[in-house]
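Visitor: Compute the structure for the input listed below.
(chains A and B)
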Amino acid sequence: MTVDTALLARHGLSSIEYDRIVASLGREPTLTELGIFSVMWSEHCSYKSSRIHLKKLPTEGPRVLQGPGENAGAVDIGDGLAAVFKIESHNHPSFIEPYQGAATGVGGIIRDIFTMGARPIALMNSLRFGDIDGADGARTRRIVEGVVAGIAGYGNSIGIPTVGGEIAFDDRYAGNPLVNVLCLGIVDADALVKGSASGIGNPVYYVGSKTGRDGIHGATMASAEFDEKSAEKRPAVQVGDPFMEKLLLEACLELMKTDALIGVQDMGAAGLTCSTCEMGSRGGAGIEIDVMHVPQRESGMTPYEIMLSESQERMLLVVKKGREAEVERIFQKWDLHAAHIGEVTSDGRMRVKDRGTVVADIPNSALVDAAPVYDRPTARPAYLDDVQQLDLASLPPVTPGDALVELLGSATIASKRWVYRQYDHMVRTNTIVLAGMGAGVVRVKGTSRALAMSVDGNGRYCYLDPRRGAMLAVAEASRNVACAGATPIGATNCLNFGNPERPEIMWQLVEAIEGIAEACRVLNVPITGGNVSLYNETNGDAIYPTPILGVVGVLEDASKVVARAFRAAEEDIVLLGDGSGELGGSEYLKVLHRLVKGRPPELDLDHERRLIDLLVRAASAGLLRSAHDCSDGGVAVTLAECAFDTGGIGCDVDLPPVNDRNTIGEVRALFGESASRAIVSVRPADRAALMEMAAAGGVPAKLIGTTGGSRLVMRVGGRPAIDLSLEAAERTWSTSIGRHFRGRAA
Amino acid sequence: MKFSIVVFPGSNCDHDAYHAAKHVLGHDAEFRWHKETSLNGADVVVLPGGFSHGDYLRTGAIARFSPIMGAVAEFAAAGGPVLGICNGFQILCEAGLLPGAMLRNRDLKFHCEHVGVRIEQIDTPFTSLAAKGQVLRIPIAHGEGNYFADAKVIADLEASRRIIFRYCDPRGQITEDANPNGSLNNIAGICSAGRNVVGLMPHPERACEPVLGSADGLVLFESVLSEVAAHGSVRTAAS
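Guide: Have a look, this model is predicted:
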């Protein structure tokens, strides 16, 4: 093998990194070893650009049972149970092959959850696409249809409900859509399974699909940006088989009920390579395998190809010696073939043989612990000075009613029913807040509790100010969970950014991580795991920096759950929180004025924490009939959404004026996106109790009007501003997305 | 009373049927793996929803060959109550226990949502406590629920009053708009000539508790419990 720059470039390795490989082995690597290093040291697997910064995230708390480092994090939810959850991206594959890219993203995160011993009970997703009717609209619609169908195809078949999520559209994602998927599972807290290998001589099993040539260098692909030739990377996207994964899921959970299992890890990115060395590394042991025993789908595969394949639906297990027959019997029941491919060794090395001949022999520590870590240079981007300037006085006047209709019909705000109707969001009969009605909420059978989840992030905010934008993402996800009545107890994050080798991108990443860390600390939501997706750019154009936060909360009494929609007419509407109606980075500016400017709203984390506490206490006291967080589109859009899906319960409100009574003051009151606010409705008899609770909790609360009527009536400081037919407004909101797809085949 | 819930590889509503029978209704329930050949003392057999064998061929086309299906056919022939929900309905069609087949939904998309379902006939073991014309609000969750059969079969089903459930609007009107998948004559569910085998695409087991948004599906389970209590259990060699 001649090692030249072309060979290293194909492996995504620098010459400095190559020298480190030689130093750690004490010799030149074989081609198989070079391939193994290239995937383990890829950005995707090694987190080499982000690792030193990820250490800043708070990962501990009284409820945390498992922090980052395992296949997924876990938190204590009471009754001896743990919630296991993690979010992961599948951005690059979903652009190249939307259906399979998204489907295998769902499959991958589900495996991460059941390898921890947990029964997966809910999926959520956060998606970003280009403008649905922009210049790239046709391509975007094809990607949207493929991604949604892929998520549906996998989740529906395997029988795990997709209970909610969020979608935003912006041309900055046209060439780099984001597909982030969160999965949550339940396990007895004392039955958590680890992905580690131990016990010298214990057999190592391979279970699941056969290994093919698909996905070779997928992890390396996900660690580079796109250009015109990206379509040539299609063979690096795998094909999902949800039926196989359903069998693996059931068989693994059955096996975990015995005590024959030592450890298990799925073969995701970097396949057999990653699972083998990581399991060995975690257990302080080595693993030796012979690739001749690995079930193969194609003939003539080399050890290099077998070790780097990312074929889906495969698991690596270490079981107790002497229990082989029992293990094999369980897999046979599910028509799965468990292949004995190797043994646990004592030497801390990953040794790969091909028909007895050693083809790779590497210390685990070289692959896992000695992977390069970069403190990449950062630089505040020059664009910020310009975009943070916002002159509200120069905006042309807009009629508030027309503005509300336009916002309700804009793709980011419009109803996502066309999407979530394709997801089975009810299977397993735990879903107690139906998709589109608020946070995702699933009850925990056998207990009185429920778990609420929300995934949130605002790329535009983060573009304008990554630190504050990231803090707002933590706050919004936590607030959404609290609006359901649940106490936020843990978080997972997916950091979607551009090329970290550019100092401006690296600055965004560091700012965002520090913002997340601060917000999570104050709001008491430790990060238990997550994923970093870098190089989301095409031809040098990066996406908006988009950290997505997934927050999980626990609702002590599931029967007290709250959703967004008004429940009855003639109930009181209360605005919790205050704020000056900030318009920086708002949907209003983007949709009505095509402007992405200003600074995102101020966030006082102590205010946010008090609001969250109040929402939880008020829900628990049974005071709240509905609750909805104020975010995209401000109070006006929030109120409209509270009135939608109610069968025709409108509202009549008078909003507090902002600053003065000129036109822009009215716009700010209606469409400003100040943080830490929620709209709740209460029975008139309960209003005083709520107001008292709010005052005691230090949360501003203002009665703004009542539910009922067939119109959306909003005044600002007593002056009429909006008076729309609820039915017409709801039609605009509910049909906008589907309209773009009518008559198109899947 | 004992519900036997058949589990095929890829069944995924098996736990939901079990939960409804055991924890909501408080009756005995047992999973029966598809490789078994006996129903182990079942009073009611449920073929649950899911994607048996991944539905990679035709829906239900492989599951019909499972060893347990012999026992199910025998139980059905003896008059035992059999309920096929969603994929279970598709399997009953493939097994020849019910006529017709399911095509892909008219718009080629999976639909998961609550729909209106009108009870057309009450002389089956699963609708005996319902009122004729009663409108249930029950979820559907399928990509292939577009019921199809040739004109003669449809005419026979209509003439013999074997169409048990139709998609309807909230007021019980049978309209094209209320038909979520393009099924002929808005058919949501049918029964066998003996009336004891019932298949439907909507999921009554997902609508047994108010906390889930509807308890309208309970009437199917309560009906069969009352029928078995009144007329006794069917026993076959394999049941």
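Visitor: mind listing what A:Arg421 touches?
Guide: Applying C-beta atoms under 8 Å, 6 or more residues apart in numbering or on different chains, one finds that A:Arg421 lies in contact with B:109-113. Placement of C-beta: from N, CA and C, glycine included.
Visitor: which of the residues you listed count as buried?
Guide: Neighbour counting by 16 or more other C-beta atoms under 10 Å in any protein chain shown classes B:109-112 among the contacts of A:Arg421 as buried.
Visitor: Which helix or which strand is home to B:His140?
Guide: Let me fix one detail, which is that residue B:140 is Ile and not His. Using DSSP states H and E, B:Ile140 sits within strand B:135-142.
Visitor: Dihedrals phi and psi, whichever residue of chain B sits closest to chain A?
Guide: Closest to chain A within chain B is B:Asn12: 2.4 Å, counting by C-beta to the nearest C-beta. According to degrees, to the nearest 10, the main-chain angles of B:Asn12 amount to phi -130, psi 0.
Visitor: How many residues are close by the nearest residue to it once chain neighbours are set aside?
Guide: Nearest residue to B:Asn12 in three dimensions, chain neighbours excluded: A:Gly159, at 2.4 Å (C-beta to C-beta, 6 or more residues apart in numbering or on different chains). By other C-beta atoms under 10 Å in any protein chain shown, 24 other residues sit near A:Gly159.
Visitor: ok, now which ones touch residue 81?
Guide: Here I'm looking at chain A. Under the criterion of C-beta under 8 Å, 6+ apart, the contact list for A:Leu81 reads A:186-189, A:444, A:447.
Visitor: right idea, wrong chain: chain B
Guide: Counting by C-beta under 8 Å, 6+ apart, the residues that B:Pro81 touches are B:43-45, B:125-126, B:196-198, B:224, B:227-228, B:234.
Visitor: Of these, which belong to helices?
Guide: Secondary structure of the contacts of B:Pro81 is defined by DSSP state H; positions in helices are B:224, B:227-228.
Visitor: Got a ChimeraX select line for the buried ones in those residues?
Guide: To isolate the buried subset of those in ChimeraX, counting by 16+ other C-beta under 10 Å, use the following:
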select /B:224,227,228
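Visitor: and the residue of chain B closest to chain A, how many neighbours?
Guide: Per other C-beta under 10 Å, the neighbour tally for B:Asn12 reads 27.
Visitor: Looks like it contacts A:Ile158 (just checking).
Guide: Yes. Shown here, B:Asn12 and A:Ile158 form a contact pair, counting by C-beta atoms under 8 Å, at 6.9 Å.
Visitor: Common neighbours of these two, please.
Guide: Looking at what touches both B:Asn12 and A:Ile158 (by C-beta under 8 Å, 6+ apart), the common residues are A:246, B:51.
Visitor: Against B:Ser52, how distant is whichever residue of the stretch 51-200 of chain A sits closest to chain B?
Guide: The nearest approach of the stretch 51-200 of chain A to chain B comes at A:Gly159, 2.4 Å away (C-beta to the nearest C-beta). As for A:Gly159, its distance to B:Ser52 is 11 Å (criterion: C-beta to C-beta, to the nearest Å).
Visitor: swap in B:Val198?
Guide: When distances are taken as C-beta to C-beta, B:Val198 and B:Ser52 turn out to be 19 Å apart.
Visitor: so where's chain B shaky on pLDDT?
Guide: Scanning chain B with the threshold set as pLDDT under 70 gives no residue ranges.
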